[in-house]
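**Q** return a 3D structure for these sequence lines:
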Amino acid sequence: MTKEEIIKFGKTKSQLSDWYKEIGVLSKKNPNDAVNKFKLNFVNQSLIDANELLGSRYKPYADFDVFREDEIPTTSDVVMILGLYMSALERLKNANIEIRESQSEWILGHQPYWIIDGKVSDLEA
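**A** Numbering: from 1, shown residues only. This next block holds a predicted model:
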């Protein structure tokens with residue numbers, strides 16, 4: 001991965017996690033309710049970014065890219081897909097980090113560091 005991809009990874013994973021929590025609350029109350037188009041637009045933007053990062057190797061389903069606005073999904077549908085994407089992003093991260101002794105005096109033990117352009121960096125994961 002590149003440093004730019006790692007930055008995008010952090011932003012995208014954070015957004016998907018926040019949507020997972022937000023829509024998860026709605027899903028527990030009413031799992032069959034439709035997600036409104038406003039929220040769906042932002043969820044889809046995060047999914048587009050995730051798809052770019054994941055590529056065909058890590059993407060959960062080859063035939064799914066984003067939710068279609070003409071087929072509004074339920075809250076439980078969105079929570080299911082977001083959970084799959086969060087797991088896929090975690091697999092991508094695990095494939096692009098290396099655990100080594102921490103360089104920080106504040107962190108004892110081993111710490112994951114990103115592999116950037118094929119080399120272990122000083123950027124903690």
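
**Q** quick one, helices of this structure?
**A** Applying DSSP state H to the chain gives helices spanning 3-29, 37-58, 75-95.

**Q** got the buried residues for the longest one?
**A** The reference is to helix 3-29. 5-6, 8-9, 12-13, 15-16, 19-20, 22-23, 26-27 (16 or more other Cβ atoms under 10 Å). Where C-beta positions appear, they are placed from N, C-alpha and C, glycine not excepted.

**Q** mean confidence score for it?
**A** On average, the pLDDT along helix 3-29 is 96.

**Q** packing partners for it?
**A** helix 37-58, helix 75-95, strand 110-116, strand 119-124 (3 or more Cβ pairs under 8 Å, 6 or more residues apart in numbering; DSSP states H and E).

**Q** for the second one, packing partners?
**A** Right, helix 75-95. Where contact means 3+ Cβ pairs under 8 Å, 6+ apart, helix 75-95 is packed against helix 3-29, helix 37-58.

**Q** tabulate the ones you listed in JSON lines, adding columns for distance to Ala88.
**A** Shown next, in JSON lines, are the helices and strands packed on helix 75-95 (distance: least, Cβ to Cβ, whole Å):
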{"stretch": "helix 3-29", "distance to Ala88": "10"}
{"stretch": "helix 37-58", "distance to Ala88": "5"}
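
**Q** nearest to Arg100, of those?
**A** helix 3-29 (16.7 Å; Cβ to Cβ).

**Q** for that closest one, what is the distance to the chain centroid?
**A** Offset of helix 3-29 from its chain centre (Cα atoms, centre = their mean, to the nearest Å): 6 Å.

**Q** likewise for stretch 63-70?
**A** 17 Å.

**Q** flag the shaky bits of this protein, pLDDT-wise.
**A** 102-108 (pLDDT under 70).
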